[in-house]
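**Student:** what shape does this take:
(2 chains)
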Amino acid sequence: MYEKIPLLTEKLKTAHEDAWNKIAGPGDFFSGVERIEMIRAARDADDCELTRARKNAISPFAVNGEYVGDYLLDSNTIDVIRRIASDPGRLTKAWFDQVIANGLAPEEYVEVVSVVTTSIIIDTLHQALGLAQPLLPQAREGNPRKVLNSGAIEIGAWLPVLDVPSQTADHGLPKVPNIARSLGLVPGALQLFFGTFSPHYSLSNIQSSLSQDQAEFVASRVSAMNECFY
Amino acid sequence: MLLSLSGDKTGNEYNLNAVNTPSGLAGVEDEHWIRLITELTMTKEWEQLSQTREEAAQIIGEQKVVDTLVVASAFNGITRVADATGIPLDVDTEKNTAQMRTDTGIQSFNYDEKSARYNVLS
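**Tutor:** Numbers count the residues shown, from 1 in each chain, chains lettered A, B, ... in the order given. Below is the predicted model:
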């Protein structure tokens, strides 16, 4: 990946290649083939009529319909992927509860979120740099590991999160902020996402040609455009 | 919004209202180009972004253009993690940013208000 972009760090390039490779193998609750289908379904979001209609509606839950496309994943999972990819700022707890009631287990949901958001980071960077999206990886065979963090705790999120001691870092924020705990129900999902994210940004002393203030401005503008509260 | 915390550390004061609107100036160095690159990334205007990357590289340097995309792409992922998991603000952040969230309109993005707005028709 990124052979023609010397201005990216080797750490970032390696992290993205590792993530792509990890997605191609079995996760904790989905096979490699299913995880690759998640990327495909996320990429197809922009061309999906139902997804576009929902995004353009006053309420994204006011438009009924069925997703078109030949996917190995069920329609409940495709719905999660499409909404995260296209309209994340309008997800609600009631929608999440319905997704779980429709049969996607919380731990499966966490894995879907991790794979989709990881692929969005990688695809966004490719497209923004003027590169083609990377080819979907070749799936590796194997059974899901079924590793769940039974020590995950409730802190008011929609899902149980990683339990960590409450400690404040030098920059005045928690050593492990809530967002870094959010996928903690499935350790492999948390590692996949944050292994990809970490070379992009840090809360202090960012290693970048951008100052910390400039990086925070970019982060804030993206958050605002995605209507993200956190 | 960590821009306020970062500004506190560097002694710079920023107009945080500008972050939540498509216009206005927050006061960050090279803001015009950094904002434009970020916004074109988020709106997926790839052709326009390609031209803007080249123009911006002449002025702020190619490395800064690439590093802006590096941060923007990361937050395009992590904001989705936050929104898909309903993760609450950290306790101190919630206490220390209440006024700022109200002033900038970010408070309207909180999960309860979103539910009230968007679940109406479901």
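
**Student:** only C-alpha atoms for contact and neighbour calcs from this point on.
**Tutor:** Noted.

**Student:** report the central residue of chain B.
**Tutor:** Nearest residue to the geometric centre of chain B (Cα atoms, centre = their mean): B:V19, 6.1 Å.

**Student:** my bad, should have said chain A
**Tutor:** A:T117 (1.8 Å).

**Student:** ok, it - contacts?
**Tutor:** A:85, A:193, B:77-78, B:80-81 (Cα atoms under 8 Å, 6 or more residues apart in numbering or on different chains).

**Student:** report the two of these separated the most.
**Tutor:** Spanning the widest gap among the contacts of A:T117 are A:A85 and A:F193, at 15.0 Å by Cα to Cα.

**Student:** mind naming the longest helix for chain A?
**Tutor:** For chain A, the helix reaching the highest residue count under DSSP state H is reported as helix A:106-128.

**Student:** alpha carbons only: can I get it in CSV?
**Tutor:** Listed next in CSV are the C-alpha coordinates belonging to helix A:106-128 (Å, rounded to 0.1, in the frame of the first residue of the first chain):
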residue,chain,number,x,y,z
PRO,A,106,-23.5,-7.4,20.9
GLU,A,107,-20.1,-9.0,20.4
GLU,A,108,-20.8,-9.5,16.7
TYR,A,109,-21.9,-5.9,16.4
VAL,A,110,-18.6,-4.8,17.9
GLU,A,111,-16.7,-6.8,15.3
VAL,A,112,-18.7,-5.3,12.5
VAL,A,113,-18.1,-1.8,13.8
SER,A,114,-14.4,-2.5,14.1
VAL,A,115,-13.9,-3.9,10.6
VAL,A,116,-16.1,-1.3,8.9
THR,A,117,-14.5,1.7,10.6
THR,A,118,-11.0,0.3,10.1
SER,A,119,-11.7,-0.1,6.4
ILE,A,120,-13.1,3.5,6.2
ILE,A,121,-9.9,4.9,7.6
ILE,A,122,-7.9,3.0,5.0
ASP,A,123,-10.2,3.7,2.1
THR,A,124,-10.6,7.4,3.0
LEU,A,125,-6.8,7.9,3.1
HIS,A,126,-6.4,6.2,-0.3
GLN,A,127,-9.1,8.2,-2.0
ALA,A,128,-8.0,11.5,-0.4
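
**Student:** coming back round to it: quick check: closest non-adjacent residue to the residue nearest to the centre of chain B.
**Tutor:** Closest residue to B:V19 apart from its sequence neighbours, by Cα to Cα, 6 or more residues apart in numbering or on different chains: A:R221 at 5.4 Å.

**Student:** quick one: that neighbour is in a helix?
**Tutor:** Yes - assessed by DSSP: H, G, I helix; E, B strand; the rest coil, A:R221 belongs to a helix.

**Student:** hmm, B:N20 and it touching each other?
**Tutor:** Yes - look at A:R221 against B:N20 with Cα atoms under 8 Å: they come within range, at 6.7 Å.

**Student:** which of the two has more neighbours?
**Tutor:** A:R221 (25 against 19; other Cα atoms under 10 Å in any protein chain shown).

**Student:** in contact with the more buried one, which residues?
**Tutor:** Contacts of A:R221 (Cα under 8 Å, 6+ apart): B:19-20, B:35, B:38-39.

**Student:** swap the cut-off to 10 Å and go again
**Tutor:** Residues in contact with A:R221 (Cα atoms under 10 Å, 6 or more residues apart in numbering or on different chains) are A:215, A:227, B:1, B:18-22, B:34-35, B:38-39, B:42, B:72, B:75.
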